[in-house]
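Asks: fold the following for me, if possible:
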Amino acid sequence: MRGGKGVFLALALLLCWASPVGASYEWRAAWGAPYPLEISEACAMPAADRMRARVAFAHPYEVEGLRFHALFLRSPRGTWEIHGGSLNAPHLTEWHVGVGRRVALCAHAVLLCGVRCFNARIGDWQAPASWTLTALARAAPPVLRLLTVEAGIVDLSATSRAAVTPVIVTRAILSAGSARVCLERSACVHGDTETVIVVHLGWGALGFLQGYRWSVGESSVGLVLGAGSVQVRLTQRWHPALGWTPRVGVVWLAR
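Replies: The predicted model follows:
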């Protein structure tokens, strides 16, 4: 089984030669993507806006030599945020880093403006850096007390050569106490679309996550364990063709 996973991964990485930053695009750690279970899971957390730092790592599909790492930092008032991620595999290293600023549009709406850089090394060949821009608006209308909506464009190329495909993201978050539902719809400019739903149920310091990605039937299940301002998030993802992927994350919250 692992041999089959390795062959599948090797073929996928070979397809990235024409667009070397492709794998970073699939594994990127924040804002939005056509593979956004991780982003949607974070949005479904009741303490999402209190998150000040997060570190995470994964061993995707248990393929030997393949590792993913992610880091997220947010300023005390939530005005600035920075995140980064790296994908390491035999003969391939990819990374990305992004910086964003939240600007208040009115009393109930904010705009996240960000810039991100992607890069990759395949064997001895170093790919040129690729820069992208992001704009995501969030609104919580007072007449809809339980609903928060987000919409915008992620990774619009800042150069004439788009190594990373822009994504249009729309997201609705319904909150009722410690229960939250995040429904996300994303569309690539090339026509590919994705729908993801994540449900979070909480009981004090314990939380339960369940997510589903429609396009391929990928699902996730996770536990959130809290102690003061620290959360540990343990997640298992299941892909119909690739199997299970364990993921561990540690989050620090503002009190």
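
Asks: okay, CA-based contacts and neighbour counts for the rest of this
Replies: Noted.

Asks: check whether residue 174 really touches residue 150, as I assumed.
Replies: No: taking CA atoms under 8 Å as the definition, residue 174 is not a contact partner of residue 150, at 11.7 Å.

Asks: need the overlap of contacts for those two.
Replies: Common neighbours of residue 174 and residue 150 are not found (criterion: CA atoms under 8 Å, 6 or more residues apart in numbering).

Asks: quick check: residue 50 touching residue 251?
Replies: No: using CA under 8 Å, residue 50 makes no contact with residue 251, being 10.0 Å away.

Asks: residue with max distance from the center of the chain?
Replies: Most distant from the centre of the chain: residue 143, at 29.4 Å, with distances by CA atoms, centre = their mean.

Asks: can you tell me how far it sits from residue 165?
Replies: Distance, residue 143 to residue 165, using CA to CA, to the nearest Å: 36 Å.

Asks: thinking again about what came up before, tell me the secondary structure of the residue farthest from the centre of the chain, please.
Replies: Put simply, residue 143 is coil when judged by DSSP: H, G, I helix; E, B strand; the rest coil.

Asks: go on, residue 42?
Replies: At residue 42 the chain is in helix, as set by three-state DSSP.

Asks: same question, residue 57
Replies: Under three-state DSSP, residue 57 falls in the strand class.

Asks: relative to residue 182, how far out is it?
Replies: According to CA to CA, residue 57 and residue 182 sit 23 Å apart.

Asks: looking at the two, which is more packed in?
Replies: Between residue 57 and residue 182, counted using other CA atoms under 10 Å, residue 182 has the larger neighbour count: 24 against 17.
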